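Student: Got a predicted model here, sequence first, then my questions.
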Amino acid sequence: MDFPILKQIQQQSQAQHPMLAVLIDPDKAQDQEALRPLIQHCNQHQVDFIFVGGSTVQKGHTSQTVQFIKENTKIPVLLFPGHSNQICEQADALLFLSLISGRNPEFLIGHHIKAAQTLRKWQMETIPTGYLLIDGGRITSVAAVSQTIPLPADQAELIASTALAGTLLGMKLIYLEAGSGALQAVTEEVISLSKQQLDVPLIVGGGINNAEKAQRAWQAGADIIVMGNSLEQTPDLLPKIIEIRQNFREKTEIQPNIY
Ligand SMILES: CC(C)=CCC/C(C)=C/CC/C(C)=C/CC/C(C)=C/COP(=O)(O)OP(=O)(O)O
Ligand SMILES: O=P(O)(O)OC[C@@H](O)CO
Ligand SMILES: [Mg+2]
């Protein structure tokens, strides 16, 4: 099995090129025409990835949403599933999330067993991803649906150790999640300590709803930041976020030697 999307993420991470993923929730995307402006913005500003998923998505909505997105963009579409029924063949890859901050077997291995044979049949790029829910100041859909307790945000060592254990088990990406609409995004301390201790790309999301928070997460060491609700509501936020991403990328380009 080839891993073209994972390779792309690893290469960008090694080059210290920060990436942006825009999250689209299939349940909120049933009015497909309403989705069009956000996809156009993503195309115009060269968003790196579109993630599709939600904590509570009705059967069939994932496939309809991915189909519509694929008809309107060349940006890679990654499934970010909250349940084994949120998989569909049209996507480019799937984050095979295991919720390693919690102790609910269904979200550690249960949904995976249900989806495994189908994913193999489709030859889907399936990327093993350690998913950590971190307290963001309010009870989020992920905590409610998974019936798990988030890790305390001030326990950076525990969070980094949990992530490290995930990578020692073979997970290729780590996703630090404060939960959709979190009051407090994942802190810089947690991001930077995790980044120092891990040798896999780091995804960070939840409550990143303005340019300043995006900048801080990238500065602290996030490889991919994920933005959902804020861009769904205000696609016009995107140019500023992309400008920040561009500034980071320019800093890491090789500077010509003037001597
Ligand atoms: C491996 C397969 C097929 C499924 C994995 C199932 C697991 C382990 C999921 C992890 C726990 C979970 C419920 C994740 C959901 C992640 C997600 C798509 C969040 C998006 O945000 P929402 O929580 O829907 O946000 P809103 O409340 O804003 O709608
Ligand atoms: O909707 P927001 O708060 O951006 O969070 C999305 C988040 O669940 C992705 O990790
Ligand atoms: Mg949702």
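Tutor: It's in. Ligands and ions are numbered 1, 2, ... in the order given.
Student: CA only for contacts and neighbour counts going forward, please
Tutor: Fine.
Student: Contact partners for residue 98?
Tutor: Taking CA atoms under 8 Å, 6 or more residues apart in numbering, we find residue 98 in contact with 107, 108, 109, 128, 129, 130, 131.
Student: is any part of stretch 109-123 close to ligand 1?
Tutor: Yes: using CA under 6 Å from any ligand atom, we find that stretch 109-123 touches ligand 1 at 111, 112, 115.
Student: For the last one, give me its contacts.
Tutor: For residue 115, the contacting residues are 84, 85, 87, taking CA under 8 Å, 6+ apart as the criterion.
Student: again, only using 7 Å
Tutor: residue 84 (CA atoms under 7 Å, 6 or more residues apart in numbering).
Student: so what pLDDT did it get?
Tutor: According to the prediction, residue 115 has pLDDT 98.
Student: what about residue 154, how many neighbours?
Tutor: 14 (other CA atoms under 10 Å).
Student: Which secondary structure state does it sit in?
Tutor: Reducing the assignment at residue 154 to three states with DSSP: H, G, I helix; E, B strand; the rest coil gives coil.
Student: for residue 184, same thing?
Tutor: Following three-state DSSP, we place residue 184 in the coil state.
Student: Quick check: closest non-adjacent residue to it.
Tutor: residue 136 (4.7 Å; CA to CA, 6 or more residues apart in numbering).
Student: these two touch, right, that neighbour and residue 180?
Tutor: No: the criterion here is CA atoms under 7 Å, and residue 136 misses it with residue 180 at 9.0 Å.
Student: Check which residues of the host helix or strand of residue 66 are buried.
Tutor: Assigned by DSSP states H and E, residue 66 falls within helix 61-72. Buried residues in helix 61-72, defined by neighbour count with 16 or more other CA atoms under 10 Å: 61, 62, 63, 64, 65, 66, 68, 69, 70.
Student: same check, this time on stretch 207-220
Tutor: Residues of stretch 207-220 classed as buried: 207, 208, 209, 211, 213, 214, 215, 217, 218, 220 (neighbour count, 16+ other CA under 10 Å).
Student: Redo the residues you listed as TSV? Include secondary structure and pLDDT.
Tutor: Putting these into TSV (DSSP: H, G, I helix; E, B strand; the rest coil; pLDDT from 0 to 100) gives the following:
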residue	secondary structure	pLDDT
207	coil	98
208	coil	98
209	coil	98
211	helix	98
213	helix	98
214	helix	98
215	helix	98
217	helix	98
218	helix	98
220	helix	98
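Student: ok, stretch 219-227 near ligand 1 or not?
Tutor: No: taking CA under 6 Å from any ligand atom as the criterion, stretch 219-227 and ligand 1 are apart, separated by no less than 9.9 Å.
Student: Okay, now that stretch: how far is its last residue from its first?
Tutor: 16 Å (CA to CA, to the nearest Å).
Student: Ok, stretch 48-68 next?
Tutor: 18 Å.
Student: pLDDT of it, averaged?
Tutor: 95.
Student: does any bit of it sit next to ligand 2?
Tutor: No: residues of stretch 48-68 are not located near ligand 2 by CA under 6 Å from any ligand atom, the shortest gap being 7.8 Å.
Student: what residues does that stretch touch?
Tutor: 19-27, 29, 75-82, 85-88, 90-91, 141-142, 145.
Student: Any idea how far that stretch is from the middle of the chain?
Tutor: 13 Å (CA atoms, centre = their mean, to the nearest Å).
Student: which SS class is residue 203?
Tutor: strand.
Student: Point me to the helix or strand that includes residue 248.
Tutor: Applying DSSP H and E, one finds residue 248 within helix 238-252.
Student: and what of residue 130?
Tutor: strand 125-133.
Student: contacting residues for the residue nearest to residue 184?
Tutor: Here residue 136 is in contact with 178, 179, 182, 183, 184, 185 (CA under 7 Å, 6+ apart).
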